[in-house]
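In: Next comes the sequence, and after it the predicted model I'd like to discuss.
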Amino acid sequence: MIELAVLCAAYSISLFYRGMLAVIAPELSTELLLNESQLGLLSSAFFISFAVAQIPCGIALDRFGGRVTIASCLWFAVSGALLLSFTESYYWALLGQLLIGLGCAPVFTGAMLFIGRCFEASRFGYIAALVITIGSIGDLLGTMPLAMLAETIGWRDSMRLIAMLTALVALLCCYRLSSDKPTHNFESPLTMITGMFSILRIKELWLLFPMFLFSYAVLMTIRGVWSGPYLADLYHSGAAERGKVLMAMSLAMALGTFMLGWFDRRFKNTKAVVMVSALLAVLPLISLSIYPETSVWLAMCSFVLLGLFGFNYPLLMSHSRTFLLPQYMGRGMAVLTAVSIAGVALVQAVSGLLLDRAGRAELMSAEQYRLLFIMLAVMLLSATLIYGFSRRNGKADQPVTRILAGRKETIICSRGYLK
C-alpha cells in the first residue's frame, strides 16, 4: 500500500542519518578540529534528542496520528541537515545533530504502530522485519554512495542534497499518508503523560530493558561512529574503502533483519531467537578485541557478522508488545524506543570518553580499540544474560497485576495482548 511505502521512505531517511557520521567522521573531525570525545558526543547528540522526543512523539502518535506527527517533525531534520552543512563550529554542528534526531524521532515508532494496528500479533515480527529490510536502503545509501558523493562534491554539499530529499519525504508524508487521527481517544494530555510513564512500571518489561538499552547501542556504536575512524586509524582506509566495508555491514544488517524475522515466524519463539542472535553478535566483538589489528578483511568479516546477528530490535519490540494494552501501544513503543535510543546515546558518549582517555594515556591505536571492543562485548553479554530470565510472552492464562495510568488492574492475557 502507498502509506507503507511512504513510511518506508521516511524510515530510510532516518536510518541514513543514524549511520552517516561514520563515513564522513574523519573529514568532519579535521575541518571542525574534533577530538574523540567530541566526535562521540556529536554522534550521540542525534540519539539524545531522538530519545527525549519519544515522550511527546508517543503522545502525539496516540492523539493526532502518524501523518501529522511524522510530516511535521521531519522539517526539523531538514533544518538540522542544512545547519550541519553550513557550520564552522562544533557547537552549531551539535545543534544540527539534535535537530536531525528530533526530526527522525517519530518515524520508526509510527511505522511500528501502523503495523501493529494493521496486522495480527503473530505476524508483527515478520512484517516489521520486512519493512525495516526495505527501509535499510537508507542505511546503504549512507555508506559507499555517501562516501563517493562526498569525494565528488564534498560532505557539505552532500548534506544539502540530503536535506532536499528529506523535505521531499516530508511532503509525501503530508499528502500521501491517510489521516489516522484516533476518533476514540478522549484522554486529557495529563492522563496521556501519566499513562506513558506508567509503561515503565510494567514489571514484565523490566528484564527486557537492559537488552533495549544495549543491544542496538552496541551495533550503532560500531556502525554509526567508530567503524570509520577504526579503519582510518589502523588501516589508513580512504573514504571509498571505508564506504565499501560499511556497505557490506549494512547489507548484512538488512539480510539479518529479514533472516531473524523468518526464524521468529518459523520457530514461534521470539525470546529464543533474540537470545541466540545476541550471543552470536558477541563473538565478532570478542574476535576484534583479541585481534584488533590483523587485517582489514578480518575487520570487515567481524563487522558483517555483527550486522547479520546484531539487529534484533524488531523482535525485541515484538516480544515487548505482548505485555502492552492496545490503547497504550503507541506510547509503549515510544517509551521502549526511547530506552533503546538513550542507550545508543549513552554508549556512544562513553565510548568517546574511553578512547579519549586511552589516547591521553598514550596507548597505541590498536590498544585503544581493543578496550572499546571489550567494553561493548561485556555490555551486550550482560544484557543477554539478564534478558534470559524474562517471560517468553504475555499470553499466560493466569491473572497478572498491572499498573497503568495510576490504576492497579488485574488482567488476563489473550491473543498476545494484556487487556
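Out: Sure, I can see it. Residues are numbered from 1 along each chain as shown.
In: Tell me which residues of stretch 295-309 come out buried.
Out: Of the residues in stretch 295-309, 296, 299-300, 302-309 count as buried by neighbour count, 16 or more other C-beta atoms under 10 Å. To be clear about C-beta, it is placed using only N, CA and C from the backbone, and glycine gets the same treatment.
In: Farthest pair within the residues you listed?
Out: Spatially, the most separated pair among the buried residues of stretch 295-309 is V296 and F309, at 21.0 Å (C-beta to C-beta).
In: From L83, how far off is the nearest residue to A338 once chain neighbours are set aside?
Out: Excluding the flanking residues, the one nearest A338 by C-beta to C-beta, 6 or more residues apart in numbering is Q54, at 3.4 Å. Computed as C-beta to C-beta, to the nearest Å, the Q54 to L83 distance reads 22 Å.
In: Between these two, tell me which one has more neighbours.
Out: Shown here are Q54 and L83; by other C-beta atoms under 10 Å, Q54 has more neighbours (27 against 20).
In: Next up, the contacts around the more buried one.
Out: With contact set as C-beta atoms under 8 Å, 6 or more residues apart in numbering, Q54 has these partners: 105, 109, 334-335, 337-338, 341.
In: at 6 Å what do you get?
Out: By C-beta atoms under 6 Å, 6 or more residues apart in numbering, Q54 lies in contact with 334, 337-338.
In: Which one of the buried residues of stretch 295-309 is nearest to C73?
Out: For those, the nearest to C73 is G307 (27.5 Å; C-beta to C-beta).
In: so the closest one sits right up against M249, yeah?
Out: Yes: with contact defined as C-beta atoms under 6 Å, G307 and M249 form a contacting pair (4.3 Å).
In: show me where the chain has strands.
Out: Along the chain, the segments classed as strands by DSSP state E run 400-404, 407-411, 413-414, 417-418.
In: Specify which residues of the stretch 101-250 of the chain, grouped into ranges, have pLDDT under the cut-off.
Out: 114, 116-127, 129, 179-190, 192-193, 195-196 (pLDDT under 70).
In: meant to ask about the stretch 301-419 of the chain, not that
Out: For the stretch 301-419 of the chain (pLDDT under 70), the answer is 326-327, 330, 394-419.
In: mind listing the helices in it by residue range?
Out: 313-321, 329-360, 365-387 (DSSP state H, counting those that start in this stretch).
In: Out of those, which one sits most buried?
Out: Highest mean neighbour count of the helices of the stretch 301-419 of the chain: helix 313-321, a mean of 26 (counted as mean count of other C-beta atoms under 10 Å).
In: what's that helix packed up against?
Out: Under the contact criterion of 3 or more C-beta pairs under 6 Å, 6 or more residues apart in numbering; DSSP states H and E, helix 313-321 touches helix 124-135, helix 270-290.
In: Helices of the stretch 101-250 of the chain, start to end?
Out: Using DSSP H, counting those that start in this stretch, helices in the stretch 101-250 of the chain cover 124-135, 137-141, 144-153, 155-176, 189-198, 203-206, 209-221, 227-235, 239-267.
In: Show me which residues of the fourth one are buried.
Out: Across helix 155-176, burial judged by 16+ other C-beta under 10 Å covers 155-156, 158-159, 162-163, 165-167, 169-170, 172-174.
In: L285: which of the residues you listed is nearest?
Out: The closest of those, once distances to L285 are taken by C-beta to C-beta, is W155, at 28.8 Å.
In: now the closest one, nearest residue through space, not along the chain?
Out: Closest to W155 by C-beta to C-beta, 6+ apart is I24, at 4.4 Å.
In: what's near enough to touch the residue nearest to A248 when sequence neighbours are not counted?
Out: Once flanking residues are discounted, A248 sits nearest to V304: 5.4 Å by C-beta to C-beta, 6+ apart. When contacts are counted by C-beta under 6 Å, 6+ apart, V304 touches 248-249, 252.
In: now do A77
Out: 100, 103-104, 166.
In: A358 too?
Out: 368, 371 are the contacts of A358 under C-beta under 6 Å, 6+ apart.
In: how close does it sit to P26?
Out: For A358, the distance to P26 - C-beta to C-beta - is 18 Å.
In: Any buried residues in stretch 17-32, and which?
Out: Applying 16+ other C-beta under 10 Å to stretch 17-32 flags 17-29, 32 as buried.
In: separation between the nearest residue to F389 once chain neighbours are set aside and A383?
Out: Nearest residue to F389, sequence neighbours excluded (C-beta to C-beta, 6+ apart): L207, at 5.4 Å. Plainly put, L207 is 10 Å away from A383 if you go by C-beta to C-beta.
In: same thing with A358?
Out: Applying C-beta to C-beta, the value for A358 to A383 is 24 Å.
In: and what of V52?
Out: V52 sits 22 Å away from A383, going by C-beta to C-beta.
In: Kindly report the same for L15.
Out: Taking C-beta to C-beta as the measure, L15 falls 22 Å from A383.
In: G58 now?
Out: 23 Å.
In: re earlier: do I have it right that the residue nearest to W155 meets R156?
Out: No: between I24 and R156 there is no contact under C-beta under 6 Å: 9.5 Å.
In: okay but F76 is in contact with G101, surely?
Out: No: with contacts counted by C-beta under 6 Å, F76 stays clear of G101, the gap being 8.6 Å.
In: who's more crowded, the two?
Out: Neighbour count, other C-beta under 10 Å: between F76 and G101, G101 has more, with 27 against 21.
In: give the contact list for the more buried one.
Out: 46, 49-50 are the contacts of G101 under C-beta under 6 Å, 6+ apart.
In: can you redo these as CSV with distance to G138, neighbour count and pLDDT?
Out: Below are the contacts of G101 laid out as CSV (distance: C-beta to C-beta, whole Å; neighbours: other C-beta atoms under 10 Å; pLDDT from 0 to 100):
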residue, distance to G138, neighbour count, pLDDT
F46, 14, 33, 90
S49, 19, 24, 91
F50, 15, 32, 87
